[in-house]
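>>> Using only what follows, build the 3D model:
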Amino acid sequence: MKNPVRAILLISCLIAFGSTLAAAAEPLRFVFISTCRDEAFFGPVKKGMEDAAKAMGVECEFTGTEGVDLKAQAAMVRQAVADGYDGIALNTIDPEAFDNVVQEAIDRGVPVVAFNVDDHRTPNARLSAVVQRFDHAGETLGRRAAAFVPKGSHVLMTLHDEGISALDERLASAQAVLKKQNVTWTVVVTGAEAEKASQVITRALRDNPKIKHVLCTGQADTEGAGLAVERHFAGKGYAVAGFDLSPNILRLIKAGHIRFTIDQQPYVQGFYPVVQLTLYKRLGIMPANMDAGAGIIDQSNVENVLDLSKKGYR
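Numbering: from 1, shown residues only. As a prediction, this is how the structure comes out:
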């Protein structure tokens, strides 16, 4: 949200409103079910969830799979329904894998909203999605990168995991823009930990010394690329751009090792699903889709974000 005063006023109103609702209502329990549950990216998501739970007077948990495991994640949805949760926020990382299980939950009276990644390619019974528009975000990456990636050059592009539709959409949309500049690419999968990603990217750059630009699609690979440049290629004409925030990504932007990152405001992705599920369960107010945004963080505005990132909001 661009206006911090407006955001604070809105949250204050929600706290007062949520407290009023909670005083006269049965307690509600919600659960967030994600892939890669321990990835650093989800820190602000969890904080948003916790703050909203306190504001609305409900209980929330965050769980999920260690890596990408569609069957296990779907099984967690079924288990949450069996365990009596009143609502589910689901990271729908695949366009088809969760269609049946979401419908089953809805049929049993358990509302499901999507967060972080939405299933919009095929019919899905989820009530809403609080996510970034990944195709537009990928186009933004491609357009911004085209300003410093020479026409006809070869770049390194990265995914931190395979099988996550959001990353695939960002990648494909960025490639569509770069293709118009006759740019070609090599794609590598780095893993979901920044240190491992740094090692993978360092090897890829050493294997092809002609590559001077790294374009990333997620937090771990963006941070890893920045670390690789800082440690091994600083001052040699390399440039990195990517997605998401962490204290280290912001530090690397400030130091000039990452040109820019695209922020999808994960705090929002944790906060608003709780609000939507609470209003739906207590008042019958239907959840609505919400674009989490695609803001650019670079050296011109990184100082404004650093403190909030350290506090877990960004």
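
>>> Centre of the chain to the helix or strand D307 falls within, how far?
Assigned by DSSP states H and E, D307 belongs to helix 302-310. Relative to the centre of its chain, helix 302-310 is centred 18 Å away, using Cα atoms, centre = their mean, to the nearest Å.

>>> Check which residues of it are buried.
By neighbour count with 16 or more other Cβ atoms under 10 Å, helix 302-310 contains the buried residues 302, 305-306, 309. Where you see a C-beta, it was placed from the backbone N, CA and C, and this is true even at glycine.

>>> Could I get the average pLDDT for that helix?
What helix 302-310 shows for mean pLDDT is 89.

>>> just to revisit the earlier point, closest to V200 out of the buried residues of helix 302-310?
For the buried residues of helix 302-310, the minimum distance to V200 (Cβ to Cβ) is 24.4 Å, reached by S309.

>>> Okay, helices next: where are they in the chain?
Secondary structure of the chain (DSSP state H): helices at 4-23, 42-56, 70-82, 99-107, 134-146, 165-179, 194-207, 219-228, 247-254, 266-283, 302-310.

>>> Among those, which comes closest to V31?
helix 70-82 (5.0 Å).

>>> Tell me which other helices or strands that closest one touches.
strand 29-34, strand 59-64, strand 87-90, helix 99-107 (3 or more Cβ pairs under 8 Å, 6 or more residues apart in numbering; DSSP states H and E).

>>> out of the ones you listed, deepest packed?
Sort the helices and strands packed on helix 70-82 by mean neighbour count, taking mean count of other Cβ atoms under 10 Å, and strand 87-90 sits at the top with a mean of 28.

>>> Strand partners (parallel or antiparallel) of that strand?
Strand pairing for strand 87-90, determined by DSSP bridges: strand 29-34 (parallel), strand 112-116 (parallel).

>>> and the closest residue to T278 other than its chain neighbours, how far is that from F32?
If the residues on either side of it in the chain are set aside, T278 comes closest to M56, at 4.3 Å by Cβ to Cβ, 6 or more residues apart in numbering. Note on M56: its distance to F32, by Cβ to Cβ, to the nearest Å, is 14 Å.

>>> Now do the same contact list for the residue nearest to F148 when sequence neighbours are not counted.
Nearest residue to F148, sequence neighbours excluded (Cβ to Cβ, 6+ apart): A239, at 5.6 Å. Taking Cβ atoms under 8 Å, 6 or more residues apart in numbering, we find A239 in contact with 148-149, 212-214, 259.

>>> Among those, which one lies nearest to M157?
Once Cβ to Cβ is applied, the member of these that ends up nearest M157 is V214, at 7.7 Å.

>>> The closest one and V149 touch, don't they?
No: V214 lies out of contact with V149 (Cβ atoms under 8 Å); the separation is 10.3 Å.

>>> correct me, but A174 touches A146?
No: counting by Cβ under 8 Å, A174 does not reach A146; the two are 9.6 Å apart.

>>> of the two, who's got more company?
Higher neighbour count among A174 and A146: A174, with 29 against 16, using other Cβ atoms under 10 Å.

>>> Now do the same contact list for that one.
138-139, 141-142, 145, 157, 215, 217.

>>> Now do the phi/psi pair for the closest residue in space to A40 that isn't next to it in sequence.
Spatially, and ignoring its direct neighbours in sequence, A40 is nearest to S246 (5.6 Å; Cβ to Cβ, 6+ apart). S246 adopts backbone torsions of phi -160, psi 160, taken as degrees, to the nearest 10.

>>> swap in P209?
Per degrees, to the nearest 10, the backbone of P209 is at phi -60, psi -20.

>>> ok, it to T184 distance?
16 Å.

>>> who has more neighbours, those two?
Between P209 and T184, counted using other Cβ under 10 Å, the more crowded position is T184 (12 against 9).

>>> among the helices and strands packed on helix 70-82, which is nearest G235?
Using Cβ to Cβ, the helices and strands packed on helix 70-82 put strand 29-34 closest to G235, at 38.5 Å.

>>> For the closest one, give me every contacting residue.
42, 45-46, 49, 53, 58-65, 73, 76-77, 80, 84-91, 115-116, 270, 273-274, 277-278.

>>> let's see it at 7 Å
42, 49, 58-64, 73, 76-77, 80, 85-91, 115-116, 274, 277 (Cβ atoms under 7 Å, 6 or more residues apart in numbering).

>>> hang on, the earlier thing: TSV for the buried residues of helix 302-310, including distance to P266?
As requested, these are exported to TSV (distance: Cβ to Cβ, whole Å):
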residue	distance to P266
V302	17
V305	13
L306	16
S309	11
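
>>> Show me which of the residues you listed is closest to A192.
S309 (19.0 Å).

>>> Tell me the spacing between the closest one and D69.
29 Å.

>>> Neighbours of D51, how many?
19.

>>> Thanks a lot, catch you later.
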